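Asker: Provide a 3D model corresponding to the input given below.
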Amino acid sequence: MQETKGLLDKIKHHDKLLMTVNENCKINLPDEVLEKLLKPHKLDHYCFIFLDQGLETYKIDAEEITISDSQLVFGSPNQIFLNPSQKSHSLNYKAAFDENVLALLPNSFPFLLNPLNTNTITFDTDAKERVKSVFSNLFQLLHVSGKPKNTDIILAHLNTLLTEFNSAYFEQSKQHNIFNPKLSKYIAFKLAVETHLTEQHDVHTIAEKLAMTPSSLYGVVKSFSGVSPKEWMTNRLMLEAQRKLQYSSLSVKELAYELGFNDPDYFSRLFKKSTGKSVSAFLADHHDLSSN
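Answerer: Below you'll find the predicted structure:
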């Protein structure tokens, strides 16, 4: 598994902001960076690929995701990401930035928590043209020669771009309107779990933090995810376990303790129940992928 910590610093397009924007691959990547990006790697930043024309298949946390015209795929920190192995002739825009850049923006963007469990966004005709325009402007702002790069203007454009992403993300599922109070609660639940992922909070504790009863929290989480809050938290921990197994050399005992489990044997049983494989079998299955 490729480690990408510090990678964004090697390809950033701004002196003060850890961010990069590319248009139709006009900016060539260093060979050492490209080598890592063409193998499974753990993200330490947010990345976005918007396809104007073409067809590309990515892999996020071992799930294949294919996008075509007017679609975008995005990855978040700690996800295991794999770019297409072959060079494509697609027309696309790519952007990446870290948490520090995100913190400078005036708006919040719930889609980055992926409450609808889809790493793709589809744009209608009008939205597509707006997104292309903002991407193009950002690219020009970051690559203009002979002039200082205005940080405020760049951040304003990035804020606009993410606003378009956020709006289209929720519009593609009409029943999940961003202003739906239940969706807001579900997003708050996901954020609470992510923020304290390894603390093994029970459902009652999280419900109390969200000013909800356990039964109302159950109803919200079940309606959006199809599973109970307890199952959701367990599934999230097992996903984190799979990620860590791919990019670290922790023993089962060390991994169990790192994820907040006091009993490594219980963790192993839970892992097998969740994934259908023992830890050793999972590692064996992914060995070839990691070494390619």
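Asker: buried residues in stretch 263-282?
Answerer: 264, 267-268, 270-271, 274-275, 279, 282 (16 or more other CB atoms under 10 Å). All C-beta spots, glycine's among them, are computed from the backbone N, C-alpha and C.
Asker: so for it, mean pLDDT?
Answerer: Mean pLDDT, stretch 263-282: 90.
Asker: can you give me the end-to-end span of it?
Answerer: End-to-end distance for stretch 263-282, by CA to CA, to the nearest Å: 20 Å.
Asker: who's in contact with that stretch?
Answerer: With contact meaning CB atoms under 8 Å, 6 or more residues apart in numbering, stretch 263-282 is reached by 234-235, 238, 241-242, 245, 252-253, 255-257, 259, 261, 285.
Asker: pull the most distant pair out of these.
Answerer: Greatest spacing in the contacts of stretch 263-282, by CB to CB: 257 and 285 (24.0 Å).
Asker: where does the stretch 151-292 of the chain dip in pLDDT?
Answerer: Across the stretch 151-292 of the chain, the ranges flagged by pLDDT under 70 are 174-179, 200, 286-292.
Asker: try it again at 90.
Answerer: Along the stretch 151-292 of the chain, the model assigns pLDDT under 90 to residues 170-184, 186-188, 190-202, 209, 223-226, 235-236, 239-240, 242-251, 258, 274-292.
Asker: got the residue ranges for the helices in it?
Answerer: 151-171, 181-195, 203-209, 214-225, 229-247, 252-258, 264-275, 279-291 (DSSP state H, counting those that start in this stretch).
Asker: follow-up on the earlier one: so which of the contacts of stretch 263-282 comes closest to residue 163?
Answerer: Checking the contacts of stretch 263-282 against residue 163 by CB to CB gives residue 235 as the nearest, at 30.0 Å.
Asker: that closest one: neighbour count?
Answerer: 13 (other CB atoms under 10 Å).
Asker: and it, how far is that from residue 145?
Answerer: For residue 235, the distance to residue 145 equals 49 Å [CB to CB, to the nearest Å].
Asker: now which of the contacts of stretch 263-282 would you call buried?
Answerer: Buried among these (16+ other CB under 10 Å): 238, 241-242, 245, 252, 255-257, 259, 261.
Asker: got CSV for those residues, with distance to residue 72 too?
Answerer: Listed next are the buried ones among the contacts of stretch 263-282 as CSV, based on distance: CB to CB, whole Å:
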residue, distance to residue 72
238, 27
241, 28
242, 25
245, 29
252, 37
255, 33
256, 36
257, 38
259, 31
261, 36
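Asker: isn't residue 223 right next to residue 180, touching?
Answerer: No: applying CB atoms under 8 Å, one finds residue 223 not in contact with residue 180, separated by 10.2 Å.
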